[in-house]
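# mind folding the following:
(one chain, ligands or ions: 1)
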Amino acid sequence: MTTEPAPAAHAYLSQLFSLHGRVAVVTGGSSGIGRAITDALARAGASVVAVARGEARLAATVEELTSEGCRAAWVGADLSTREGVRAAAERAVEAFGEPDILVNSAGINVRPPMDELTEEDWDMTMAVNLEAPFLLGQRFGPRMAERGYGRILHISSQQAHRAFVQSGAYGASKGALESLARSQAEAWSPRGVTCNVLVPGFVMTPLNARLSSDPEKVAALAARTMIGRNGLAEDFAGAAVFLAGPASGYITGQSVFVDGGLSVH
Ligand SMILES: NC(=O)c1ccc[n+]([C@@H]2O[C@H](COP(=O)([O-])OP(=O)(O)OC[C@H]3O[C@@H](n4cnc5c(N)ncnc54)[C@H](OP(=O)(O)O)[C@@H]3O)[C@@H](O)[C@H]2O)c1
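Numbers count the residues shown, from 1 in each chain. Below you'll find the model as predicted:
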């Protein structure tokens, strides 16, 4: 018995899931969930531009992918200001042209108790988690719609749906991000641009370094899932390729929970 897929199966899977010839921009593409999505989209055939602040991690991401034969580039940018976002968008198109796929994964989670949450915390959280995705959508979405094809994918959080470890401004930003996705879907889906959200549960990434380093908390959180473990960045690869590709063309405005069953337990 052969273990290789039949050529017909290969062609069928390519037709459903291949991103060959597509251009993707992934914010936060240098770390955690965004890094895993960058890798996945590039390995599925897209030319991917990763955007974040830290240049060393960006360069390492691109180097690893290009050494595998993938097409990747990076842009160092701070997405916490409007000027930073605009500059990032202009530089992102220099590598491979206008994107067909936009993934907003860059995010921050400052967790002061609600009583101590400052206006600066609020502004910074909203700028990175909500305003940057909005501005990038305004920059790229209408052009995708003009060309008749596009995929926009946001990374939200269970905290858009429930309070969890001082959700503060973070939960509010993610709730609004999911609403933004529905508005974008309403605006651009008739012209071929789907807009969806991936909703993680608890994922072991640098964002969670403090919680992830407490074995008791990690075990308690894993026990709240149905699968019995916390998320890994790689768990987002398949869902991202699906929602970035041709197979998901009739799915829009949706929030897809990638959380091991945490939200339904
Ligand atoms: N980990 C979880 O359990 C979890 C749960 C729910 C939702 N999420 C969401 O998933 C997304 C990815 O999180 P993660 O866990 O993968 O976190 P992560 O490993 O800390 O990655 C965050 C990424 O965002 C970039 N970034 C942060 N601030 C930025 C800024 N001002 N300008 C440009 N880039 C910036 C970071 O790069 P630089 O620091 O170099 O800029 C990094 O690439 C976030 O939106 C987060 O809210 C995560």
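
# would you confirm that residue 111 contacts residue 164?
No. Residue 111 lies out of contact with residue 164 (CB atoms under 8 Å); the separation is 10.1 Å. In short, each C-beta sits where N, CA and C put it, glycine included.

# so how far is residue 5 from residue 156?
Applying CB to CB, to the nearest Å, the value for residue 156 to residue 5 is 34 Å.

# interface residues of the stretch 51-200 of the chain facing the ligand?
Contacts of the stretch 51-200 of the chain with the ligand, taken as CB under 6 Å from any ligand atom, map to 52-54, 57, 78-80, 105-109, 128, 155, 157, 200.

# just the buried residues of these.
Neighbour-count burial within these applies to 52, 57, 78-80, 105-109, 128, 155, 157, 200; the criterion is 16 or more other CB atoms under 10 Å.

# farthest pair within the residues you listed?
78 and 200 (23.3 Å; CB to CB).

# and stretch 97-113, how far apart are its ends?
43 Å (CA to CA, to the nearest Å).

# let me see the contact set for the nearest residue to residue 141 once chain neighbours are set aside.
Of all residues not flanking residue 141 in the chain, residue 188 sits nearest, at 5.3 Å (CB to CB, 6 or more residues apart in numbering). Counting by CB atoms under 8 Å, 6 or more residues apart in numbering, residue 188 touches 141, 142, 144, 145, 150, 152, 195.

# quick one, what contacts residue 36?
233, 234, 235, 236, 237, 240 are the contacts of residue 36 under CB under 8 Å, 6+ apart.

# how close does the closest residue to residue 70 other than its chain neighbours sit to residue 245?
Once flanking residues are discounted, residue 70 sits nearest to residue 42: 3.9 Å by CB to CB, 6+ apart. Residue 42 is 13 Å from residue 245, where distance means CB to CB.

# so which of the two has more stuff around it?
Higher neighbour count among residue 42 and residue 245: residue 42, with 26 against 23, using other CB atoms under 10 Å.

# now residue 213: phi and psi?
phi -90, psi 0 (degrees, to the nearest 10).

# same question, residue 103
Dihedral pair for residue 103: phi -120, psi 120, per degrees, to the nearest 10.

# renumber starting at 23 from here on
Got it, first residue is 23 now, which makes that one residue 125.

# so what sits opposite it in the bridge?
residue 48, residue 175 (DSSP bridges).

# give me the number of neighbouring residues for it.
A total of 33 residues lie near residue 125 under the criterion other CB under 10 Å.

# list the contacts for it?
Applying CB under 8 Å, 6+ apart to residue 125 gives the contacts 46-49, 51, 56, 59, 63, 174-177, 262, 266.

# how about a cut-off of 7 Å?
Going by CB atoms under 7 Å, 6 or more residues apart in numbering, residue 125 touches 46, 48, 49, 59, 175, 262.

# look up how far residue 157 lies from the nearest residue to residue 182 once chain neighbours are set aside.
Spatial nearest neighbour of residue 182, excluding adjacent residues (CB to CB, 6+ apart): residue 196 at 3.9 Å. Applying CB to CB, the value for residue 196 to residue 157 is 17 Å.

# so which of these two has more stuff around it?
A count of neighbours by other CB under 10 Å puts residue 196 above the other of residue 196 and residue 157, at 26 against 18.

# of the contacts of residue 125, just say which sits nearest to the ligand.
Closest to the ligand out of these is residue 49 (6.1 Å), distances taken as CB to the nearest ligand atom.

# ok, the closest one - contacts?
With CB under 7 Å, 6+ apart, residue 49 has these contacts: 56, 73, 101, 125, 126, 127, 128, 154.

# among the residues you listed, name the ones in helices.
Filtering the contacts of residue 49 for membership in helices, criterion DSSP state H, returns 56, 154.

# so can I have a markdown table of the contacts of residue 49 showing distance to residue 90 and pLDDT?
A markdown table is the format used below for the contacts of residue 49 (distance: CB to CB, whole Å; pLDDT from 0 to 100):
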| residue | distance to residue 90 | pLDDT |
| --- | --- | --- |
| 56 | 18 | 98 |
| 73 | 20 | 99 |
| 101 | 27 | 98 |
| 125 | 19 | 99 |
| 126 | 25 | 99 |
| 127 | 20 | 98 |
| 128 | 24 | 98 |
| 154 | 29 | 99 |
